[in-house]
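Colleague: got a sequence here, can you model it:
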Amino acid sequence: MKSKILKIRNLPQDKTVMYTLQAKPFIFLMTMMIVSIFIAIFNATNFLYAIVIFLVALFAIVFMPDSLILQFMKEYMVIYHNLRRNECYLVYYDEIKVWQYQWSLQKDYLYLQLMDDTEFCVECFNRRKVKAFLKQCCPNKELKKEKKV
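Modeller: The predicted structure is shown next:
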């Protein structure tokens, strides 16, 4: 098995990152701030709502912690630990047996099972991007939910 736990400083240096999934939705928060500015300028009746939206987005950008969750490279993906910040798990796509993205109201999870039956459960926040990259890199390995009749 090539997949293994590594210190972040020992990751391959020649990596080309295709996509990075972070905990903080920076683009969404910036969009909220810009929209709230336009609402405050052009719609005086909703000025207070716009200010509240702007302040909440600003608070999230400035004070909420951000961390890496996943990085997709051409041949492998990197899963970052939440508890041990200096370690990560290097997973090669050809060693993934099955994967499944499970959506719920509170959190989304990405489940991975490797060829040696090692399992991972990773919190995710961007279903479309994660599923698109995994379908591209691990075709025919998605575990489909059975539909109830």
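Colleague: in the chain, where is pLDDT below threshold?
Modeller: 145-149 (pLDDT under 70).
Colleague: how does it divide into domains?
Modeller: 14-23+66-137, 26-63 (the TED database).
Colleague: surely residue 112 and residue 91 touch.
Modeller: Yes: Residue 112 lies in contact with residue 91 (Cβ atoms under 8 Å); the separation is 6.7 Å. Where you see a C-beta, it was placed from the backbone N, CA and C, and this is true even at glycine.
Colleague: show me whatever sits in contact with both of these two.
Modeller: By Cβ atoms under 8 Å, 6 or more residues apart in numbering, residue 112 and residue 91 have these common neighbours: 79, 120.
Colleague: spatially central, which residue of this structure would that be?
Modeller: residue 21 (3.5 Å; Cα atoms, centre = their mean).
Colleague: how far away is it from residue 53?
Modeller: 25 Å (Cβ to Cβ, to the nearest Å).
Colleague: can you check residue 86 too?
Modeller: 36 Å.
Colleague: of the two, who's got more company?
Modeller: More crowded of residue 86 and residue 53, by other Cβ atoms under 10 Å: residue 53, with 18 against 10.
Colleague: hey, where'd the helices end up in this protein?
Modeller: 26-42, 47-63, 127-137 (DSSP state H).
Colleague: OK, contacts around the residue nearest to residue 18 when sequence neighbours are not counted?
Modeller: Sequence neighbours aside, residue 72 is the residue nearest to residue 18 in space, at 4.7 Å (criterion: Cβ to Cβ, 6 or more residues apart in numbering). Applying Cβ under 8 Å, 6+ apart, we find residue 72 in contact with 17, 18, 19, 20, 133, 137.
Colleague: highest neighbour count among those?
Modeller: residue 137 (20 neighbours).
Colleague: and the residue lying closest to that residue once chain neighbours are set aside, how many neighbours?
Modeller: Closest residue to residue 137 apart from its sequence neighbours, by Cβ to Cβ, 6+ apart: residue 93 at 4.5 Å. Residue 93: 20 surrounding residues under other Cβ under 10 Å.
Colleague: distance of residue 93 from residue 141?
Modeller: Relative to residue 141, residue 93 is positioned 9 Å away (Cβ to Cβ).
Colleague: might you report the residue contacts of residue 129?
Modeller: Neighbouring residues of residue 129 by Cβ under 8 Å, 6+ apart: 19, 21.
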